[in-house]
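Chemist: this is the structure alone, sequence omitted:
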């Protein structure tokens with residue numbers, strides 16, 4: 001399963017609980033890919049519950065491969081190149 005742009009759209013309490021259930025169901029049984037620009041320390045704010053966020057993070061990072069990209073936005077670079085403002 002792929003969860004793209006986690007945290008981009010606000011999640012209410014019911015949605016956070018449902019998402020936790022989905023992650024828990026995938027845990028150690030299915031592949032799960034999550035893309036986000038939200039640091040783990042802010043997931044409690046996104047989900048509205050620090051304890052639920054901690055439990056979800058625990059499941060997400062166990063057996064995982066974390067990939068972090070730093071630098072300029074690929075989309076911004078492409079837009080600048082298309083507009084002729086890039087170098």
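Modeler: Sure, I can see it. The model shown is predicted, which means the values in this text are computed figures rather than measured ones. Numbers count the residues shown, from 1 in each chain.
Chemist: can you name the residues in contact with the lengthiest helix in the chain?
Modeler: In the chain, assigned by DSSP state H, the helix with the most residues is helix 13-26. Applying CB atoms under 8 Å, 6 or more residues apart in numbering, the set of residues contacting helix 13-26 from outside is 1, 3, 11, 32, 47-49, 52, 55-56, 59-60. In this view, the C-beta of every residue, glycine as well, is placed from N, C-alpha and C.
Chemist: can you pull the buried residues of that helix?
Modeler: For helix 13-26, burial by neighbour count (16 or more other CB atoms under 10 Å) applies to 16, 19-20, 23.
Chemist: let's see if you can find the most crowded of the contacts of helix 13-26.
Modeler: With neighbours taken as other CB atoms under 10 Å, the top of the contacts of helix 13-26 is residue 47, carrying 25 neighbours.
Chemist: how close does the residue lying closest to that one once chain neighbours are set aside sit to residue 3?
Modeler: Among residues not flanking residue 47 along the chain, residue 16 sits closest, at 4.1 Å (CB to CB, 6 or more residues apart in numbering). As judged by CB to CB, to the nearest Å, residue 16 and residue 3 stand 13 Å apart.
Chemist: redo the buried residues of helix 13-26 as TSV? Include pLDDT and distance to residue 38.
Modeler: Formatted as TSV, those follow (pLDDT from 0 to 100; distance: CB to CB, whole Å):
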residue	pLDDT	distance to residue 38
16	97	13
19	97	13
20	97	16
23	96	15
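Chemist: distance to residue 73 added to these, as CSV?
Modeler: Listed next are the buried residues of helix 13-26 as CSV, based on distance: CB to CB, whole Å:
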residue, distance to residue 73
16, 28
19, 26
20, 30
23, 27
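Chemist: from those, pick the one nearest residue 65.
Modeler: residue 23 (16.2 Å; CB to CB).
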